[in-house]
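Asker: here is my input, please return the structure:
(one chain, ligands or ions: 4)
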Amino acid sequence: MKRNTVAEVPAKNCTGCSLCAAVCPSSCITMQENDEGFLYPSIDKDACVECGKCSRTCPATNDLEDGSVSSAFCLACGKDRNFVQESSSGGMAHILSSSFLAESRRAVIGCSMDANGIVRHVAVKDGKDLRLLQGSKYVQSDLREIYKQCVDLLEGAYSLLVFGTPCQIIALKTYLNRWRDRVIYVDLICHGVPSQKFFSKDRDIQIQRGRLQKDVPTKFRLSSRYERTGFELYSPGCNGSIKAYRDAYYSLFLEGASFRESCYRCKYAQRNRFGDLTIGDCASADFYPNFHSDRPVSTVIINTSVGERMMKEIKGFIDIIAIDAARESHLNKQLESPSIRPNKRDTLYRDLSALPYEQFEKRYLKRPTFKTLVKERIKSVISVRARKEIKRIAFRVFKNEA
Ligand SMILES: Cc1cc2nc3c(=O)[nH]c(=O)nc-3n(C[C@H](O)[C@H](O)[C@H](O)COP(=O)(O)OP(=O)(O)OC[C@H]3O[C@@H](n4cnc5c(N)ncnc54)[C@H](O)[C@@H]3O)c2cc1C
Ligand code: SF4
Ligand code: SF4
Ligand code: SF4
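Answerer: Ligands and ions are numbered 1, 2, ... in the order given. The predicted model follows:
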């Protein structure tokens with residue numbers, strides 16, 4: 001058996017970052033889908049020269065380079081409501097990207113979904129194409145093509161702003177190390193990723209049912225005056241949406257039941273961060289009721305002086321306050337520990353392949369409880385702002401009576 005290759009990396013640790021395939025000097029590693037639809041390296045043993053470069057570089061087998069543990073936690077939101085609407089939380093990624101592209105020879109690297117629902121990292125050079133990156137795609141994004149594109153851009157004297165999950169940021173940072181002074185990294189707080197295969201299957205079914213549109217990238221977040229965070233699937237420009245609890249893919253994602261195995265042992269789920277900035281949905285937002293209480297807001301962690309400079313550059317476009325780092329880390333669990341693997345993960349992907357989708361849904365999609373339905377009804381008629389006000393008054397009355 002050949003030694004020192006990533007063939008020895010336990011599948012449970014492999015994040016699917018494709019770095020090994022990018023560094024292999026013999027081009028003998030290809031990333032192949034397993035039965036669940038996640039990408040894993042496959043080595044052409046005859047072409048392998050046993051140089052060991054892939055395993056020496058693989059982030060899953062090596063200690064992490066020093067990141068930084070920062071206490072500079074902020075709560076932030078774009079000033080322009082319409083601008084933020086298309087984003088997932090406070091629109092930070094989009095605002096940072098727009099500001100970055102204001103100068104020439106710059107590109108933003110981030111995740112986009114094409115019209116067929118395929119999710120991959122792409123390079124954007126023109127501000128008007130940034131909408132491709134806007135909004136979270138809760139699917140594992142394919143990095144295979146992006147390594148070479150980044151190198152081509154850097155060799156063409158471009159500077160890059162790179163977004164990704166922490167495992168992707170580590171991989172890209174390792175690969176692009178030579179150009180450290182021309183690349184800025186932003187990692188997302190991340191609790192895990194399901195596979196493209198699962199998403200595509202679910203999307204196809206919802207298209208057949210007329211609930212999603214073919215040839216239009218699907219969106220995952222829909223905020224409005226009635227819904228602050230809005231976990232819903234929809235096709236922009238078309239009527240209707242599907243609440244997460246009515247969709248098998250989305251509800252299992254939010255339950256943390258359909259993640260890649262490496263996500264349940266994620267070594268990046270910690271305060272030590274590897275991006276210049278870290279962004280996520282703010283989990284402690286309710287503790288700051290005077291800060292845009294009716295809008296989705298972002299947590300931003302400023303990890304380096306480069307990150308600090310980026311935030312200064314966008315300060316005219318955002319509202320921002322400092323928040324308690326310990327409380328946010330405690331509530332936003334992926335800043336302390338990985339997602340817990342539920343028992344249903346053992347059978348979920350096997351059943352996805354074996355069962356007709358309707359049967360799979362019957363087995364895995366929980367029926368909404370009466371409480372959920374009542375809550376949803378209230379949410380559909382009373383705005384976020386009004387609900388907050390009612391809560392505040394009720395709390396006061398209750399406190400005076402007690
Ligand atoms: C798979 C996943 C899991 C997440 N889990 C959490 C969590 O547990 N807690 C939390 O606080 N926040 C989590 N987030 C982050 C959150 O959903 C928002 O992406 C983040 O707050 C940025 O919002 P925004 O409004 O600033 O970004 P937007 O302006 O909406 O831009 C989104 C940015 O995210 C990038 N992106 C989108 N989808 C992906 C993807 N699949 N892979 C890599 N990059 C992507 C895009 O390139 C873009 O730069 C997760 C995001 C993803 C993609
Ligand atoms: S973690 Fe990345 S580099 Fe390591 S084996 Fe998996 S795909 Fe290859
Ligand atoms: S040992 Fe070298 S040649 Fe073989 S797969 Fe790894 S990087 Fe490629
Ligand atoms: S949970 Fe960890 S391993 Fe999984 S996608 Fe996120 S950063 Fe990568």
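
Asker: buried set for stretch 92-111?
Answerer: By 16 or more other C-beta atoms under 10 Å, the buried positions in stretch 92-111 come out as 92-101, 106-111. The way it works is simple: take the backbone N, C-alpha and C, and place the C-beta from them, glycine included.

Asker: count of neighbours near the residue of the stretch 251-400 of the chain found nearest ligand 1?
Answerer: Closest approach between the stretch 251-400 of the chain and ligand 1, counting by C-beta to the nearest ligand atom: residue 280, at 2.7 Å. When counting by other C-beta atoms under 10 Å, one arrives at 23 neighbours for residue 280.

Asker: my guess is it meets residue 273, correct?
Answerer: No - Residue 280 is beyond contact range of residue 273, at 10.7 Å (criterion: C-beta atoms under 8 Å).

Asker: so what does whichever strand or helix holds residue 172 touch, helix or strand wise?
Answerer: Applying DSSP states H and E as the criterion places residue 172 in helix 166-175. For helix 166-175, the elements it packs on are helix 19-23, helix 146-155, strand 159-164, strand 183-188, judged by 3 or more C-beta pairs under 8 Å, 6 or more residues apart in numbering; DSSP states H and E.

Asker: mean pLDDT, distance to ligand 1 and mean neighbour count added to those, as JSON lines?
Answerer: Formatted as JSON lines, the helices and strands packed on helix 166-175 follow (pLDDT from 0 to 100; distance: least, C-beta to the nearest ligand atom, whole Å; neighbours: other C-beta atoms under 10 Å):
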{"stretch": "helix 19-23", "mean pLDDT": "98", "distance to ligand 1": "15", "mean neighbour count": "23"}
{"stretch": "helix 146-155", "mean pLDDT": "98", "distance to ligand 1": "11", "mean neighbour count": "17"}
{"stretch": "strand 159-164", "mean pLDDT": "98", "distance to ligand 1": "3", "mean neighbour count": "22"}
{"stretch": "strand 183-188", "mean pLDDT": "98", "distance to ligand 1": "4", "mean neighbour count": "24"}
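
Asker: among those, which comes closest to ligand 2?
Answerer: Among the helices and strands packed on helix 166-175, the nearest to ligand 2 by C-beta to the nearest ligand atom is helix 19-23 (3.3 Å).

Asker: hmm, who's touching the closest one?
Answerer: With C-beta atoms under 8 Å, 6 or more residues apart in numbering as the test, helix 19-23 has contacts from 6, 29-31, 41, 53-55, 57-59, 144, 147-148, 171, 174-175.

Asker: if we go to 10 Å?
Answerer: Residues from elsewhere that reach helix 19-23, judged by C-beta atoms under 10 Å, 6 or more residues apart in numbering: 5-7, 9, 14, 27-31, 39, 41-43, 51, 53-61, 143-148, 150-151, 167-168, 170-172, 174-175.

Asker: can you select the buried ones among these for me in PyMOL?
Answerer: Per 16+ other C-beta under 10 Å, the buried members of those correspond to this PyMOL selection:
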select buried, resi 5+6+7+9+14+28+29+31+39+41+42+43+53+54+55+57+58+59+60+61+143+144+146+147+150+167+168+170+171+172+174+175
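
Asker: what strands line up against the longest strand anywhere in the chain, and which way round?
Answerer: When the chain is scanned for its longest strand (criterion: DSSP state E), the result is strand 106-113. Strand 106-113 has the following strand partners under DSSP bridges: strand 119-124 (antiparallel), strand 159-164 (parallel).

Asker: turn the ones you listed into a markdown table, including distance to residue 360.
Answerer: Output for the strands paired with strand 106-113, formatted as a markdown table (distance: least, C-beta to C-beta, whole Å):
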| stretch | distance to residue 360 |
| --- | --- |
| strand 119-124 | 21 |
| strand 159-164 | 30 |
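
Asker: the ones you listed: which one's closest to ligand 4?
Answerer: Among the strands paired with strand 106-113, strand 159-164 sits nearest to ligand 4 (C-beta to the nearest ligand atom), with 8.7 Å.

Asker: outline the domain layout of this protein.
Answerer: 6-57, 70-193+259-335 (automatic domain parsing).

Asker: show the contacting residues for the residue nearest to residue 114 when sequence neighbours are not counted.
Answerer: Residue nearest to residue 114 in three dimensions, not counting chain neighbours: residue 217, with 6.5 Å by C-beta to C-beta, 6 or more residues apart in numbering. Contacts for residue 217 (C-beta under 10 Å, 6+ apart) come out as 112-119, 131-132, 135, 137, 235-236.

Asker: please apply the same query to residue 260.
Answerer: 11-12, 14-16, 34, 36-40, 140, 167, 192-195, 266.

Asker: so the closest residue to residue 122 other than its chain neighbours versus residue 230, what's the distance?
Answerer: Using C-beta to C-beta, 6+ apart and skipping residues adjacent in sequence, the residue nearest residue 122 is residue 112, 4.7 Å away. For residue 112, the distance to residue 230 equals 20 Å [C-beta to C-beta, to the nearest Å].

Asker: count of neighbours near residue 236?
Answerer: Using other C-beta under 10 Å, residue 236 has 13 neighbouring residues.

Asker: what's the burial count for the nearest residue to it once chain neighbours are set aside?
Answerer: Of all residues not flanking residue 236 in the chain, residue 219 sits nearest, at 5.8 Å (C-beta to C-beta, 6+ apart). Using other C-beta under 10 Å, residue 219 has 21 other residues around it.

Asker: ditto for residue 132
Answerer: 16.

Asker: my read: it touches residue 124, true?
Answerer: Yes - assessed by C-beta atoms under 10 Å, residue 132 is found in contact with residue 124 at 6.3 Å.

Asker: mutual contacts of these two, please.
Answerer: Residues touching both residue 132 and residue 124 by C-beta under 10 Å, 6+ apart: 108, 110, 112.

Asker: show me what the first one bridges to in the sheet.
Answerer: Translated: residue 108. Using DSSP bridges, the bridge partners assigned to residue 108 are residue 124, residue 161.
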